[in-house]
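Visitor: below are the sequence and a predicted model; questions follow.
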Amino acid sequence: MSLPPLVEPADELTIDEVRRYSRHLIIPEVGMAGQKRLKNAKVLVIGAGGLGSPALLYLAAAGVGTLGIVEFDTVDESNLQRQIIHGQSDVGKSKAQSAKDSILETNPNTNVVLHEVRLDNDNVFEIFEQYDLIVDGTDNFATRYLVNDAAVLLGKPYVWGSIFRFDGQVSVFWAEHGPCYRCLYPEPPPPGMVPSCAEGGVLGVLCASVGAAQVTEAIKLLTGIGDPSLGRLNIYEALDLNWRALKVRKDPNCAICGENPTVTELIDYESFCGAITEEAADAAVGSTISVKQLSEWIKLQENGEKDFLLIDVREPNEYEINKIPGSVLIPKADFQTGVALEKLPQDKQLVFHCKSGVRSAEVLAIAKGAGFSDAVHVGGGVVAWVDQIDPSQPSY
């Protein structure tokens with residue numbers, strides 16, 4: 001589906017801009033008019049992480065006049081494997097500021113606007129209203145649904161992308177001309193069903209492939225060239241080096257853009273998506289210990305004053321990176337299938353932990369349901385352990 005250009009052209013290009021964008025200008029489909037539209041465009045990128053890094057750099061290089069960045073995090077060393085907009089000297093710095101520095105090095109003509117806040121119901125409308133197009137590089141479902149609903153309610157188009165391990169997805173959502181994100185995914189997956197990149201990992205270069213595809217879609221929308229991926233879900237499989245497209249139709253029963261919408265304003269997205277299941281949340285009440293408590297328990301166990309089994313429910317490759325001393329590895333999946341329950345000792349208290357405390361809470365609920373009523377889990381998991389107890393171990 002071809003669409004008219006999203007923005008009007010700027011009045012002119014300077015001589016320096018003509019030189020800079022000459023390879024665009026000699027493409028008939030882009031030309032002077034298209035480049036002027038890019039100069040006049042205002043694009044908001046949500047996140048300066050894996051997808052935001054290549055997206056921001058290529059949008060700036062392409063000549064987009066104003067780039068907004070929504071980012072509240074700081075640069076961590078584990079980001080550098082894929083977040084190429086940041087460098088070693090940026091570790092510990094604001095991601096938004098680090099991204100701005102790299103953008104201006106790429107193209108000093110770009111007007112960079114920083115929104116160093118967590119996107120939420122209170123600020124999303126005010127921020128979105130300032131831009132022509134949104135590029136969504138978020139990595140959690142609550143923010144994805146927030147972005148979609150705000151875009152629909154404001155009539156804004158946005159380019160969506162997601163990545164996980166070796167696979168990526170890209171699409172364009174614009175309720176006025178086609179489907180929205182809820183048409184594709186009416187409900188979020190059950191809590192704990194889909195691991196995040198922090199839990200499951202991501203091939204660093206995958207971010208470049210998917211982020212570049214997002215920018216391609218953005219340029220098409222801004223300039224009115226080509227066929228934007230509205231109504232198409234593009235799936236990239238890096239191990240096969242294969243792109244395939246699935247048709248996505250507008251859902252007449254969609255909760256927000258359907259014929260009789262039930263979502264007419266922003267909702268509680270954390271509650272809608274749920275970080276953990278209700279069962280896990282209930283199980284964790286009164287059965288959560290801190291890493292400092294665990295450290296004390298380990299000392300008591302060494303002195304023969306306490307007996308418990310510390311179980312790491314992460315994946316084997318995570319266990320190889322770092323571990324809490326004395327822990328044994330039993331992945332979460334073994335509890336979900338029931339295989340692990342047969343092997344658990346009946347005469348010891350069970351203490352579960354994972355990376356951050358989400359997966360261990362889910363396993364805790366399974367264990368309590370199987371009769372291990374005194375089982376507990378470690379809030380904050382191995383991340384908190386490395387941060388507070390044993391900083392000599394690597395984090396990830």
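Guide: Arrived safely.
Visitor: okay, now the residue lying closest to Pro4 once chain neighbours are set aside: neighbour count?
Guide: With CB to CB, 6 or more residues apart in numbering as the criterion, Pro4 has its nearest non-adjacent residue at 5.4 Å, and that residue is Gly224. (C-beta placed from N, C-alpha, C; glycine too.) Gly224 is surrounded by 17 other residues when neighbours are defined as other CB atoms under 10 Å.
Visitor: from Ala60, how far off is Gly224?
Guide: According to CB to CB, to the nearest Å, Gly224 stands 21 Å off from Ala60.
Visitor: I'd say the residue nearest to Pro4 and Leu6 touch.
Guide: Yes - proximity of Gly224 to Leu6 meets the contact threshold set by CB atoms under 8 Å, at 7.2 Å.
Visitor: overlap in contacts, these two.
Guide: Residues touching both Gly224 and Leu6 comprise Arg37, with contact defined as CB atoms under 8 Å, 6 or more residues apart in numbering.
Visitor: top helix in this protein by residue count?
Guide: Scanning the chain for the helix with the most residues, using DSSP state H, yields helix 206-223.
Visitor: paired strands for whichever helix or strand comes after that helix, with orientation please.
Guide: Read in the C-terminal direction, the helix or strand following helix 206-223 is strand 232-237, with elements assigned using DSSP states H and E. Strand 232-237 has these partner strands in its sheet, going by DSSP bridges: strand 167-173 (antiparallel), strand 242-247 (antiparallel).
Visitor: show me the shaky parts of this protein.
Guide: Applying pLDDT under 70 to the chain flags residues 1, 191-199, 274-275.
Visitor: as a quick check, tell me the outermost residue of it.
Guide: When distances to the mean C-alpha position of the chain are computed (CA atoms, centre = their mean), the maximum falls on Gly304, with 44.5 Å.
Visitor: what separates that residue from Asp374, distance-wise?
Guide: As defined by CB to CB, Gly304 lies at a distance of 19 Å from Asp374.
Visitor: for the residue nearest the centre of the chain, helix, strand, or coil?
Guide: The structure's the chain has its C-alpha centroid closest to Asp139; by CA atoms, centre = their mean the separation is 1.0 Å. Asp139 carries the three-state label coil when classified by DSSP: H, G, I helix; E, B strand; the rest coil.
Visitor: quick check: it touching Asp73?
Guide: No - distance between Asp139 and Asp73: 11.0 Å, which falls outside the contact criterion (CB under 8 Å).
Visitor: which residues do those two both contact?
Guide: Shared contacts of Asp139 and Asp73 (CB under 8 Å, 6+ apart): Gly49.
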